[in-house]
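Asks: Give me coordinates for this.
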Amino acid sequence: MSGYLKRLVRDLEAPIEARGFGTGWFSGFFALLLAAAGLCFVAALRWPDWLSTPELARVLGLPVFRIVVHATLLGAYALALLSLLLRPRKALGLTALVVALAGTILGGASVQPREMHDWGIFFGVDFFAVNLIATGLMFAPLERLVPHRSKQRLFRAEWREDLFYFLISSMLVQLITFLALAPSSYLNTHGTGISGIRAVVAGLPWAVQFLLAMFLTDLAQYWFHRLFHRIPFLWGFHAVHHSARSMDWLAGGRMHFVEVVLLRGVTSLPLLTLGFLPSVMQAYIGMVYVYSSLVHANIRGNFNRLGRFIVVPRFHHWHHALEAEGIDKNFAIHFPWLDRLFGTHYFPKGQWPLGYGVPEAVPAGYLAQMRYPFVRKAD
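Replies: Here you go, the predicted model:
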């Protein structure tokens, strides 16, 4: 089995000249993506109590969703067969075929829910599939069409670790949300003194609420972010995120579990305690998922003028830079003028960092990186 997995990884990491149109690589890759998504959807439909997030359960219950599942599995089959026909190496196409077959055996689009003991615990495989498809199909093609670093591959070094981070944060969405919402739940229970502020915010126009949510969230995370750079123990957690040596849409998911919980707990405070409309919060959260992938993406474009008003990829890439000029700079996630206001702005016209990462030796592997902040020797 390990030998087969090695062949699959070699096929995914094939050099650029072995990935051109007509080689079967693209059909194999998209077949695997669709097959994995189809399997996740079928599993969520079969065991909704454990594998479905409540927010997506209503979508899964729509009749049209089963048509989507059927089309996803059919697309996976078709692309897998095309890859097997075109590609000398069969690992990609064969794996996609097996995964799609597993989804079909579980019941496919006609799968019925299985009764299980509901412990109130769920793992969001449906959220993982939706998140991966939405961001992956949005940014992976862009990184091929308009890359900043044209020689950087889709399956670059450390992609497996970052994909695993993506999977874990999606599947543990319930636990992360429960822990992160604790501060706002406390304030909502005991913060009767801000009821007047909540009424004012709730009465603002929708667009104004959205912009205000962006500003307050950015302001909260700006200082939170600076603390993680300033305090050595906290830096151990954040160093995991900065340890990525390549920047692309997937690198944004590399975050220590502790930092994810603390960050969401802090940034959700203004959203959940100040009376914003639920639709504003939902729109903002959806935007943040996409925006986080965008600012980490390997997409060219200097955006010198636009970058003065909103965070663009080149601005955030400098935050991850190895060069001394970029260290402890550009903490904002939406509005660069916060960095100008607080003296941490660095955005040289038309220039990109030469390298990314951290000078310290952050270990490879998910478990080792989860342990790293607790065994790291502070500077």
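Asks: quick one: the helices in the stretch 51-200 of the chain?
Replies: Here the stretch 51-200 of the chain has its helices, by DSSP state H, counting those that start in this stretch, at 54-60, 63-86, 91-105, 125-145, 159-171, 173-180, 182-190, 195-202.
Asks: So, low pLDDT: which residues of the stretch 1-150 of the chain?
Replies: Within the stretch 1-150 of the chain, the segments meeting pLDDT under 70 span 1-2, 51, 54-55, 114-128, 130.
Asks: Tell me, how many residues neighbour Val266?
Replies: 19 (other C-beta atoms under 10 Å). Just so you know, the C-beta spots here come from the backbone N, C-alpha and C atoms, and that holds for glycine as well.
Asks: what secondary structure does it sit in?
Replies: Judged by DSSP: H, G, I helix; E, B strand; the rest coil, the three-state class of Val266 is helix.
Asks: Nearest residue to it in space, please, no chain neighbours.
Replies: Of all residues not flanking Val266 in the chain, Phe224 sits nearest, at 4.7 Å (C-beta to C-beta, 6 or more residues apart in numbering).
Asks: gap between that neighbour and Arg66?
Replies: With distances taken as C-beta to C-beta, to the nearest Å, Phe224 is found 42 Å from Arg66.
Asks: ok so, going back, thought the residue nearest to Val266 was touching Arg264?
Replies: No. Assessed by C-beta atoms under 8 Å, Phe224 is found out of contact with Arg264, at 10.5 Å.
Asks: before we move on, what SS does Pro359 have?
Replies: Three-state assignment for Pro359 (three-state DSSP): coil.
Asks: Tell me which residues touch it, please.
Replies: Neighbouring residues of Pro359 by C-beta atoms under 8 Å, 6 or more residues apart in numbering: Leu322.
Asks: so what's the nearest residue to Gly350 once chain neighbours are set aside up against?
Replies: Spatially, and ignoring its direct neighbours in sequence, Gly350 is nearest to Asn302 (4.9 Å; C-beta to C-beta, 6+ apart). Applying C-beta under 8 Å, 6+ apart to Asn302 gives the contacts Arg314, Lys349, Gly350.
Asks: and Pro353, that's in a helix?
Replies: No. Applying three-state DSSP, one finds Pro353 to be coil, outside a helix.
Asks: For the closest residue in space to it that isn't next to it in sequence, give me the pLDDT.
Replies: Nearest non-adjacent residue to Pro353, counting by C-beta to C-beta, 6+ apart: Ala321, 3.4 Å away. Looking at Ala321, its pLDDT is 94.
Asks: My guess is Ala321 contacts Asp328. True?
Replies: No. Judged on C-beta under 8 Å, Ala321 makes no contact with Asp328 at a distance of 10.6 Å.
Asks: Between these two, tell me which one has more neighbours.
Replies: Just comparing Ala321 and Asp328: by other C-beta under 10 Å the higher neighbour count belongs to Ala321, 22 against 12.
Asks: Identify the bridge partners of that one.
Replies: Ala321 has these beta-bridge partners by DSSP bridges: Tyr356.
Asks: so who does it touch?
Replies: By C-beta under 8 Å, 6+ apart, the contact list for Ala321 reads Ile327, Pro353, Leu354, Gly355, Tyr356.
Asks: quick one: low-confidence parts of the stretch 151-300 of the chain?
Replies: Scanning the stretch 151-300 of the chain for pLDDT under 70 picks out 170-193.
Asks: Could you let me know which of the contacts of Asn302 ends up closest to Asp339?
Replies: The nearest member of the contacts of Asn302 to Asp339, counting by C-beta to C-beta, is Arg314 at 13.7 Å.
Asks: I'd like the distance between that closest one and Gly253.
Replies: Counting by C-beta to C-beta, the separation of Arg314 from Gly253 is 20 Å.
Asks: and if you look at Leu204?
Replies: Separation of Leu204 from Gly253 (C-beta to C-beta) stands at 33 Å.
Asks: So for those two, which residue has more residues nearby?
Replies: Relative neighbour count places Gly253 above the other of Leu204 and Gly253, with 25 against 16, counting by other C-beta under 10 Å.
Asks: Number of residues surrounding the closest residue to that one other than its chain neighbours?
Replies: Among residues not flanking Gly253 along the chain, Phe166 sits closest, at 4.1 Å (C-beta to C-beta, 6+ apart). Neighbour count for Phe166, taken as other C-beta under 10 Å: 21.
Asks: domains of this protein?
Replies: What automatic domain parsing lists as the domains of the chain is 1-118, 175-375.
Asks: any chance of those in JSON lines, plus distance to Ala134?
Replies: Output for those, formatted as JSON lines (distance: least, C-beta to C-beta, whole Å):
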{"stretch": "domain 1-118", "distance to Ala134": "10"}
{"stretch": "domain 175-375", "distance to Ala134": "7"}
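Asks: And the residue nearest in space to the middle of the chain, how close does it get to Leu142?
Replies: Central residue of the chain (C-alpha atoms, centre = their mean): Gly253, 4.4 Å from the mean position. Note on Gly253: its distance to Leu142, by C-beta to C-beta, is 17 Å.
Asks: One more: Leu277?
Replies: Per C-beta to C-beta, Leu277 is found 31 Å from Leu142.
Asks: Next: Ala100.
Replies: Separation of Ala100 from Leu142 (C-beta to C-beta): 26 Å.
Asks: Between these two, tell me which one has more neighbours.
Replies: Comparing Ala100 with Leu142 by other C-beta under 10 Å, the one with more neighbours is Ala100, at 28 against 16.
Asks: Surely the more buried one and Ala78 touch.
Replies: No. Proximity of Ala100 to Ala78 does not meet the contact threshold set by C-beta under 8 Å, at 9.7 Å.
Asks: got any residues that touch both of these two?
Replies: Both Ala100 and Ala78 are in contact with Ala31, where contact means C-beta under 8 Å, 6+ apart.
Asks: still on that earlier bit, contacts only, for the residue nearest to the centre of the chain.
Replies: Contacts for Gly253 (C-beta under 8 Å, 6+ apart) come out as Asp162, Leu163, Tyr165, Phe166, Ser169.
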